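*Asks:* Next comes the sequence, and after it the predicted model I'd like to discuss.
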Amino acid sequence: MKAGKDKVIAFHYTLSVDSEKVESSHEGGQPLWILLGHGQLIPGLEKALEEHGAGDTLQVEIAPVDGYGERQEDQVQRVPKKYFQQAKHLKPGMVTVLALKQGGQRAVTVQKVGMSTIDVDLNHPMAGKTLNFDVAIEEVREATEEEIQHGHAHPPGAEAH
Ligand SMILES: [Zn+2]
């Protein structure tokens, strides 16, 4: 079976940026289970997986535009320290989570720590980066109706929810 919309795919991957490993599914041992066609993956990776099947390995280079987007310089903001949970431990370059006014939270990168404020970069840490994925596909199958309703894959052994 070939990967495509409304198929569930299981694959291992290693992500590298500038020849340095960033993360790998091999560390956790379990492959990543993804429902394709539902925005679970960055567009470039989703496209690269299409038409591939179990046993295929691929090397994919993804430009920022098909990954986490280009960096936007106007996405740096000065935020009062009280909005951070661990303000006194933060240093430039660290990624932390900031609660948003409109609800929810997002990962931000600390740029500068002042007396009462912290400058944070709201760009995704991978924005502006060319991503290199080494992918090994383990399985491709039809999604169940339940998976399509939920908008995500249900790995084997997952709890009902
Ligand atoms: Zn579900």
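*Replies:* Great, that's in hand. Residues are numbered from 1 along each chain as shown.
*Asks:* from here on, contacts and neighbour counts on C-alpha atoms
*Replies:* Fine.
*Asks:* Pull out the buried residues from the lowest-mean-pLDDT helix or strand in the chain.
*Replies:* For the chain, scoring each helix and strand by mean pLDDT, DSSP states H and E identifies strand 95-99 as the least confident one, at a mean of 88. With burial defined by 16 or more other CA atoms under 10 Å, the residues of strand 95-99 counted as buried are Val95, Thr96, Leu98.
*Asks:* Which per-residue confidence value corresponds to Leu45?
*Replies:* At Leu45 the predicted local confidence, pLDDT, stands at 97.
*Asks:* just to revisit the earlier point, could I get the buried residues of strand 95-99 as TSV with distance to Lys129?
*Replies:* What follows is the buried residues of strand 95-99, written out as TSV (distance: CA to CA, whole Å):
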residue	distance to Lys129
Val95	16
Thr96	19
Leu98	22
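*Asks:* hmm, back to that, can you list the strands that the least confident helix or strand of the chain pairs with?
*Replies:* Here strand 95-99 is paired, per DSSP bridges, with strand 105-113 (antiparallel).
*Asks:* which other residues reach the partner strand?
*Replies:* The list of residues contacting strand 105-113 from outside it, by CA atoms under 8 Å, 6 or more residues apart in numbering, reads 90-100, 118-125.
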